[in-house]
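1. Below: sequence and its predicted model.
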Amino acid sequence: MSSNIYKNKKPLFFFLIPAFLFMLIFLYYPFIQNIFNSFQEIRGLGTAPMGWKDPWYSNFKTMWEDENMRIALKNTLIMILVTIVGQVGIALFLAILVDNVKHGSKFFRVVFFFPIVVSATALGLLFNLIFLYDKGMINQLLEVLGSKSLTDWKDETHAFMTMMIPVTWQYVGFYFIILVTGLNNISDELYEAAAIDGATTLQKVRFITIPLVHNVICTCVILAVTGALKVFDLPWVMFPKGMPFGQTWLTGTYMYYQVFNATDVDYSSAIAVLIVVLGIVLSKVVNKIFKEKDY
């Protein structure tokens, strides 16, 4: 068969059309419609708009003045930093350790990846039991160790930290698998040559491993940033409606609350637009900071 068949690109468009139509109907059209909804008066889910807001930018002005929205943005930005350091950082550390394990590496890969398989709702219920004030696992351990007073891990002081721990723990395995795959692409000959030159283990990591997985780390950081903007299920199960005192709001949970609890559909649409804009801007910033390199 002649190789000219691979030079004809026209059949490719035929196979791309179904995927393009699917994205057009279920992604681009809802997104554009959502932008229009953010400027209109919509008071019920599934109801028709009652007209344009007066002024048209009212929702965005309300968002600027909304104290809960400020809390949600602050918490989301903190979560972004925590996910970069906690999720990607811990995942990189574990990936390097497992990559250097000669026996049993498959076992550790399964163990670290396992939290991704479990439903976020189930994890939220699990951690609710762990952090219970009365008879929760942590407080029971503290009692065994001699603590005289119980800690309410879901009060105003500890609530945000209590929410961050399971969110961080859940996705470490996801980035761990991506980074391990990147590490497997590094040739062993590079490490052998470095060992002959007298390089220590830390020097191998610093001058070989980190530079050669730089682009993979960049991808993981971008996924972590955009993922932190969208995180919803696990925080909502642990702290529905921003409990306690609305201090655990995130952009995703607050948007959901406005749709299904406050039935303020147009305002939630404006929040969704903000989440998309933040995702694009922060992704560009991360790309500037972690520029991809060619080796």
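-> Happy to help now that I have it.
2. quick one, phi psi at the nearest residue to A159 once chain neighbours are set aside?
-> Spatially, and ignoring its direct neighbours in sequence, A159 is nearest to T248 (5.2 Å; CB to CB, 6 or more residues apart in numbering). Yep, even glycine has a C-beta here, placed from its N, CA and C like the rest. Phi and psi for T248, reported as degrees, to the nearest 10, are phi -110, psi 20.
3. Find the residue ranges of the stretch 101-250 of the chain scoring beneath the pLDDT cut-off.
-> Residue ranges of the stretch 101-250 of the chain with pLDDT under 70: 244-245.
4. So which residues of the stretch 51-200 of the chain form helices?
-> 58-65, 67-82, 90-99, 105-117, 120-130, 137-144, 159-184, 188-196 (DSSP state H, counting those that start in this stretch).
5. need these in TSV with mean neighbour count and distance to Y29, can you?
-> Output for those, formatted as TSV (neighbours: other CB atoms under 10 Å; distance: least, CB to CB, whole Å):
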stretch	mean neighbour count	distance to Y29
helix 58-65	15	21
helix 67-82	18	27
helix 90-99	19	36
helix 105-117	14	30
helix 120-130	16	28
helix 137-144	14	47
helix 159-184	20	29
helix 188-196	12	49
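6. and N287, what helix or strand is that in?
-> helix 265-289 (DSSP states H and E).
7. Not counting that helix itself, show me its contacts.
-> 31, 34-35, 37-45, 47, 49, 53, 59-60, 62-63, 69, 80, 218, 221-222, 225-226, 229-230, 251-252, 254-256, 258-259 (CB atoms under 8 Å, 6 or more residues apart in numbering).
8. Now a ChimeraX select for only the buried ones of the residues you listed.
-> Buried residues among those (16 or more other CB atoms under 10 Å), as a ChimeraX selection:
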select :34,37,38,39,40,42,53,59,60,63,69,80,218,221,222,225,226,229,251,252,254,255,256,258,259
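9. so of the contacts of helix 265-289, which ones are in helices?
-> In this view, the contacts of helix 265-289 that belong to helices under DSSP state H are 31, 34-35, 37, 59-60, 62-63, 69, 80, 218, 221-222, 225-226, 229-230, 251-252, 254-256, 258-259.
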